[in-house]
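S.K.: Fold the following and give me the result.
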Amino acid sequence: MKKNVAILGSTGSIGTQALDVIDKNPAIFNVEVLTARNSSKLLIDQARKFKPSYVVITAEEKYCEVCDALEHLPIQILTGEEALKEVVCIDKVDIVLSALVGYSGLFPTISAIEAGKNIALANKETLVVAGELITSLARTRRVDIYPVDSEHSAIFQCLAGEAHNPIEKIYLTASGGPFRKKSFEELKSVTPKEALKHPNWDMGNKVTIDSASLMNKGLEAIEAKWLFGLTPEQIDVIVHPQSIIHSIVQFADSSMKAQMGLPDMRLPIQYALGFPSRLKADFPRFNFLEYPELSFEKPDAQKFKNLSLAFEAMKTGGNMPCILNAANEIAVDAFLNNKLGFLDMPVLIEKTMSKINFINHPSLDDYAATDAESRQYAKTLLSR
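M.R.: As a prediction, this is how the structure comes out:
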């Protein structure tokens, strides 16, 4: 039986690579749903090729363009944010790849879990914002969440066959980003163009900026806490510039398992969609002789303060990671639009974290209110 896949965010970096995986495995996967926010032309091309049952363009001003282009195909076309929550509940959908960027992925993922759909999770912010709620709901609905981030996929793979062996510690590896060797003074003048030049990975703008500031690794630490039932003390970050070891699990007997491979997001995407099978792939193979040295460094949390802010939010718990995430999304957007300096991003985030009311056990409504309040306050900081 083919797996019917719904891809939320099919025109982004993860979505396009997922479609490449699906295209090479037509006997295993079928595309049932494609969605995009603004990229109507690429969405139209994808729909013509994969012929899903449903297409969603959330930007309502692009709806007519998509309808006109696909009018001769048997595809139902929807628009608006609410449509995302509807299409993930369709009976034929077996697995939902949540590849939306930022907070926007939260509510469609909740809808998919409530409908009993397994989740391939590339949208780390879903667990950052509401990890306790999401994991509890997944247990109640007996839904599996398969991690797509390369680091979490690595941990997931290392834990195969280790169900009865508790984790002592995990190490999330980080490339260090494009500014790893820059001084604090040099970071004051870096530009968005420079920050978007990631040394190893090809990702969307938001994730790439998060990687440059090490916020991405902080968000991944929070995500790992919920995915694998860990305490903050069991999570460490280590800089590994070559991005060959994708993460490491340490067990009680001191043994460590690492998952290795060339930096290619198609591998964790394919593993999540095809689990429990390892599907044959023509991805490039790692050659040890081309990498005679693998190096490791301690991250500089003083120079890249976003990492320490994320760990602070994780340790505080409650709605604090939600506040962190909302402020970070505002900060990244401002930096990309030359309204905020690189080193000013953690300043804005920290001020927002200290201002917004803390809630120890937030409800879904509390998360939504916290997100809105945090964004609004962060925007006022930009105008000062």
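S.K.: what about this structure, any weak spots by pLDDT?
M.R.: The chain contains residues with pLDDT under 70 at 200-203.
S.K.: what does the domain assignment say about it?
M.R.: The record, using automatic domain parsing to delimit domains, assigns the chain the ranges 3-147, 149-263+287-301, 317-384.
S.K.: Out of the ones you listed, flag the one nearest Leu279.
M.R.: Minimum separation from Leu279 across the domains of the chain (Cβ to Cβ) falls at domain 3-147, 6.1 Å. Bear in mind the C-beta positions are built from the backbone N, C-alpha and C, glycine included.
S.K.: gap between the two ends of that closest one?
M.R.: Criterion Cα to Cα, to the nearest Å; first-to-last residue distance in domain 3-147 is 17 Å.
S.K.: same question, stretch 156-175
M.R.: 20 Å.
S.K.: got the buried residues for it?
M.R.: Along stretch 156-175, these residues count as buried under the neighbour rule (16 or more other Cβ atoms under 10 Å): 156-159, 167, 170-175.
S.K.: Among these, which lie within strands?
M.R.: 167, 170-174 (DSSP state E).
S.K.: In three-state terms, how would Gly318 be classified?
M.R.: coil (DSSP: H, G, I helix; E, B strand; the rest coil).
S.K.: tell me what the longest helix along the chain is packed against?
M.R.: Ranked by residue count and defined by DSSP state H, the top helix of the chain is helix 364-382. Applying 3 or more Cβ pairs under 8 Å, 6 or more residues apart in numbering; DSSP states H and E, one finds that helix 364-382 contacts helix 125-141, helix 320-336, helix 344-355.
S.K.: Quick check: which of those is buried the most?
M.R.: helix 320-336 (a mean of 25; mean count of other Cβ atoms under 10 Å).
S.K.: hey, where'd the strands end up in this protein?
M.R.: Using DSSP E, the strands of the chain run over 3-8, 29-36, 54-57, 76-79, 95-98, 118-121, 145-147, 167-174, 235-239, 245-251, 256-260.
S.K.: Please dump the ones you listed into CSV; it should also carry distance to Lys181 for every row.
M.R.: Shown next, in CSV, are these (distance: least, Cβ to Cβ, whole Å):
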stretch, distance to Lys181
strand 3-8, 37
strand 29-36, 37
strand 54-57, 42
strand 76-79, 46
strand 95-98, 34
strand 118-121, 32
strand 145-147, 30
strand 167-174, 14
strand 235-239, 11
strand 245-251, 20
strand 256-260, 24
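S.K.: Out of those strands, which is closest to Asn205?
M.R.: Using Cβ to Cβ, these put strand 29-36 closest to Asn205, at 15.4 Å.
S.K.: Just the buried residues of the closest one, please?
M.R.: By neighbour count on 16+ other Cβ under 10 Å, the buried set for strand 29-36 is 29-36.
S.K.: would you turn the helices and strands packed on helix 364-382 into JSON lines with distance to Met260?
M.R.: Shown next, in JSON lines, are those (distance: least, Cβ to Cβ, whole Å):
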{"stretch": "helix 125-141", "distance to Met260": "25"}
{"stretch": "helix 320-336", "distance to Met260": "30"}
{"stretch": "helix 344-355", "distance to Met260": "32"}
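S.K.: quick one: which of those helices is nearest Trp226?
M.R.: When those are compared by Cβ to Cβ, helix 125-141 sits nearest Trp226, at 3.4 Å.
S.K.: one step back: need the domains of the chain in CSV with distance to Phe275, can you?
M.R.: Listed next are these as CSV, based on distance: least, Cβ to Cβ, whole Å:
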stretch, distance to Phe275
domain 3-147, 5
domain 149-263+287-301, 8
domain 317-384, 27
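S.K.: just to revisit the earlier point, and which of the buried residues of strand 29-36 is nearest Val148?
M.R.: Nearest to Val148 among those, with distances taken as Cβ to Cβ, is Phe29, at 14.7 Å.
S.K.: Pull the contacting residues for the closest one.
M.R.: Residues near Phe29 by Cβ atoms under 8 Å, 6 or more residues apart in numbering: 2-3, 5, 21-22, 273.
S.K.: ok, how many other residues are close to Glu65?
M.R.: Glu65: 15 surrounding residues under other Cβ atoms under 10 Å.
S.K.: separation between Asp144 and Ile119?
M.R.: For Asp144, the distance to Ile119 (Cβ to Cβ, to the nearest Å) stands at 7 Å.
S.K.: When the two are compared, which one has more neighbours?
M.R.: Between Asp144 and Ile119, counting by other Cβ under 10 Å, Ile119 is the more crowded of the two (24 against 12).
S.K.: Quick check: the more buried one touching Thr109?
M.R.: Yes: the pair Ile119 / Thr109 is scored as a contact, 6.3 Å apart, by Cβ atoms under 8 Å.
S.K.: mind checking the backbone torsions on the residue of the chain positioned farthest from its centre?
M.R.: Centroid-distance maximum for the chain: His72 at 34.8 Å, with Cα atoms, centre = their mean. Dihedral pair for His72: phi -90, psi 0, per degrees, to the nearest 10.
S.K.: which residue packs closest to Gly105, ignoring adjacent ones?
M.R.: Excluding the flanking residues, the one nearest Gly105 by Cβ to Cβ, 6 or more residues apart in numbering is Asn123, at 3.3 Å.
S.K.: which residues does that neighbour contact?
M.R.: Asn123 makes contacts with 8-9, 98-102, 105-106, 109, as judged by Cβ under 8 Å, 6+ apart.
S.K.: please redo it, this time with the cut-off set to 6 Å
M.R.: When contacts are counted by Cβ atoms under 6 Å, 6 or more residues apart in numbering, Asn123 touches 98, 100, 105.
S.K.: in the sheet, who's paired with the first one?
M.R.: Judged by DSSP bridges, the bridge partners of Ser98 are Leu8, Leu121.
S.K.: residue contacts, it?
M.R.: By Cβ under 6 Å, 6+ apart, the contact list for Ser98 reads 8, 105, 109, 121, 123.
S.K.: Just the residues contacting stretch 266-285, thanks.
M.R.: Applying Cβ under 6 Å, 6+ apart, the external contacts of stretch 266-285 come out as 17-18, 21, 120, 146, 148, 150, 153, 261-262, 264.
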